[in-house]
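Asks: build me a structure from this.
(one chain, ligands or ions: 1)
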Amino acid sequence: MNTPLKDILIKRIEATGPITLADYMADCLMHPEHGYYSQQKIFGAEGDFITAPEVSQMFGEMLGLWLADRWYKMDKPNNVHLIELGPGRGTLMEDILRATEPVPDFHDAFTVHFIETSQQLRALQAQKVPHATWHDDLSSVPDGPTLLVANEFFDALPIHQFEKQDGRWCERRVHTEGSDLTMVLTSAGPKFALTNPALHGGPDGSILEVCPAGLSVAGAIAERLFAYGGAAIIIDYGYRKSAVGDTFQAMKNHAFCNPLEAPGEADLTTHVAFDQIATAASSKGAAAFGAAAQGPFLMALGLGERAQQLAAATDAQGQERVLSELTRLTSSDAMGTLFKTLALQDPKLPAPPGF
Ligand code: SAH
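Replies: Okay, here's the model as predicted:
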């Protein structure tokens, strides 16, 4: 299938040679005109995929309580930056704000900051959280105590992939093949140095992934937490311990497709290597907790009780809906096990709930 972005990429590759997977992912997701996140109708039942906050209001409510608890443990500073990375439709922050409204003094203590590159999604977010301030990245958020949340943000950051061939690690790059795109092996670029050396011994055909953008965001979060205090909660699908393997995938209309087939028109993601994120954050002074599986994490925060409360206030049909949302968020054949949560904190804070 030819897409406008495919034509642009083919011309570029013909002019400059094969491009890294990271460059390919960045264009497919973030190209200002043709990138996947430049569209608006991508989330939810009618979109290509559905995220936890779009599944249930209870997800944001639990995270809101987690953040309020951390604020208490920080001794209730009154100049907090409540930051969300990649807010999508703004649903998660809307739920967080509603759930924490009754917490005394909390809402007066923070300002909301959204890190979002897509202008189209910024417009949707503004409908739900009009008083937020938007940023392209963390660097422009003013200094100060921080509470941060990121759901399904790290899985969208561009990765590099390396494959072993004849005993040597090569970089997988995207090349042209007539009017199609294909993956080729080329000499490994400098980002290979960021891969986990413990995984270098694999046999020919092994694939290694690294997400330099994710590591640097984790480092930037950790620097803030260490310097000004605070806590961050990161939720995504991925591994606790990184392993060899190809996790690059594309989704369109709730089904997997070939990631090189329709650039800009499918969502591209990879599994997050939580150990690499935690190590990057620890090296900048933050304490890391987890990764814990999402199901037990949410249940430890009181998801079961909240579901009972909602069920008690509705009719039989509503109860069925609440139960199916609960199952979807927590069961191991839905989002409960594959999705994980990682907390990063100022090391002076006591351990967070749910880990
Ligand atoms: N958190 C939301 C949306 C997840 S989709 C939810 O749970 O529903 C990923 C989000 O991250 C989108 O809003 C996308 O535009 C944003 N995003 C992806 N890469 C980004 C980057 N490099 N910088 C800023 N935002 C990014």
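Asks: could you use CA atoms for every contact and neighbour count after this?
Replies: Will do.
Asks: give me the low-pLDDT residue ranges for this protein?
Replies: Within the chain, the segments meeting pLDDT under 70 span 40-48.
Asks: tell me where it has helices.
Replies: For the chain, the helices defined by DSSP state H cover 4-16, 21-30, 52-55, 57-73, 91-100, 106-109, 119-128, 212-228, 274-282, 294-300, 303-312, 316-330.
Asks: now for the third one, which elements pack on it?
Replies: Using 3 or more C-alpha pairs under 8 Å, 6 or more residues apart in numbering; DSSP states H and E, the elements in contact with helix 52-55 are helix 57-73, helix 91-100, helix 316-330.
Asks: mind checking which of those is nearest residue 3?
Replies: Residue 3 lies closest to helix 91-100 among the helices and strands packed on helix 52-55, at 29.9 Å (C-alpha to C-alpha).
Asks: tell me what angle that closest one forms with helix 119-128.
Replies: 20 degrees (axes from the mean of the first three to the mean of the last three C-alpha atoms, to 10 degrees).
Asks: in helix 91-100, which residues are buried?
Replies: Neighbour counts over helix 91-100 (16 or more other C-alpha atoms under 10 Å) mark 91-97, 99-100 as buried.
Asks: still on that earlier bit, looking at the helices and strands packed on helix 52-55, which is nearest to the ligand?
Replies: The ligand lies closest to helix 91-100 among the helices and strands packed on helix 52-55, at 6.7 Å (C-alpha to the nearest ligand atom).
Asks: wait, does that closest one contact the ligand?
Replies: No: using C-alpha under 6 Å from any ligand atom, we find that helix 91-100 stays clear of the ligand, coming within 6.7 Å at best.
Asks: contacts only, for the residue most central in space within the chain.
Replies: Geometric centre of the chain, nearest residue: residue 153, 2.0 Å, by C-alpha atoms, centre = their mean. Residue 153 makes contacts with 85-86, 236, as judged by C-alpha atoms under 8 Å, 6 or more residues apart in numbering.
Asks: same thing but 6 Å
Replies: Neighbouring residues of residue 153 by C-alpha atoms under 6 Å, 6 or more residues apart in numbering: residue 86.
Asks: a markdown table please, covering the buried residues of helix 91-100 and showing distance to residue 296.
Replies: Listed next are the buried residues of helix 91-100 as a markdown table, based on distance: C-alpha to C-alpha, whole Å:
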| residue | distance to residue 296 |
| --- | --- |
| 91 | 22 |
| 92 | 19 |
| 93 | 22 |
| 94 | 23 |
| 95 | 20 |
| 96 | 20 |
| 97 | 23 |
| 99 | 20 |
| 100 | 22 |
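Asks: pick the one among those closest to residue 134.
Replies: Scanning these for proximity to residue 134, where the rule is C-alpha to C-alpha, the winner is residue 93, at 13.3 Å.
Asks: please tell me how far residue 135 sits from residue 83.
Replies: Note on residue 135: its distance to residue 83, by C-alpha to C-alpha, to the nearest Å, is 10 Å.
Asks: ok, these two, which is more surrounded?
Replies: With neighbours defined as other C-alpha atoms under 10 Å, residue 135 and residue 83 compare such that residue 83 has more, 26 against 17.
Asks: report the beta-bridge partners for that one.
Replies: Assessed by DSSP bridges, residue 83 has beta-bridge partners residue 113, residue 148.
Asks: tell me the contacts of it?
Replies: Contact analysis of residue 83 by C-alpha under 6 Å, 6+ apart lists 112-114, 148.
Asks: just give me the neighbour total for the closest residue in space to residue 56 that isn't next to it in sequence.
Replies: Nearest non-adjacent residue to residue 56, counting by C-alpha to C-alpha, 6 or more residues apart in numbering: residue 325, 5.9 Å away. Residue 325 has 18 neighbours, counted by other C-alpha under 10 Å.
Asks: which parts of stretch 322-335 are buried?
Replies: Quick answer for stretch 322-335 (16+ other C-alpha under 10 Å): 322-323, 325-330, 335.
Asks: rewinding a little: distance to residue 242 added to the helices and strands packed on helix 52-55, as JSON lines?
Replies: JSON lines is the format used below for those (distance: least, C-alpha to C-alpha, whole Å):
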{"stretch": "helix 57-73", "distance to residue 242": "26"}
{"stretch": "helix 91-100", "distance to residue 242": "28"}
{"stretch": "helix 316-330", "distance to residue 242": "23"}
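Asks: nearest to residue 36, out of the ones you listed?
Replies: Checking the helices and strands packed on helix 52-55 against residue 36 by C-alpha to C-alpha gives helix 91-100 as the closest, at 19.1 Å.
Asks: show me what that closest one is packed against.
Replies: With contacts taken as 3 or more C-alpha pairs under 6 Å, 6 or more residues apart in numbering; DSSP states H and E, helix 91-100 sits against helix 57-73.
Asks: tell me where the stretch 101-250 of the chain has strands.
Replies: With DSSP state E, counting those that start in this stretch, the ranges of strands along the stretch 101-250 of the chain come out as 110-115, 133-135, 146-151, 160-165, 168-177, 180-187, 207-210, 230-239, 249-252.
Asks: looking at these, which is closest to the ligand?
Replies: Taking C-alpha to the nearest ligand atom, strand 146-151 is the member of the strands of the stretch 101-250 of the chain nearest to the ligand, at 4.4 Å.
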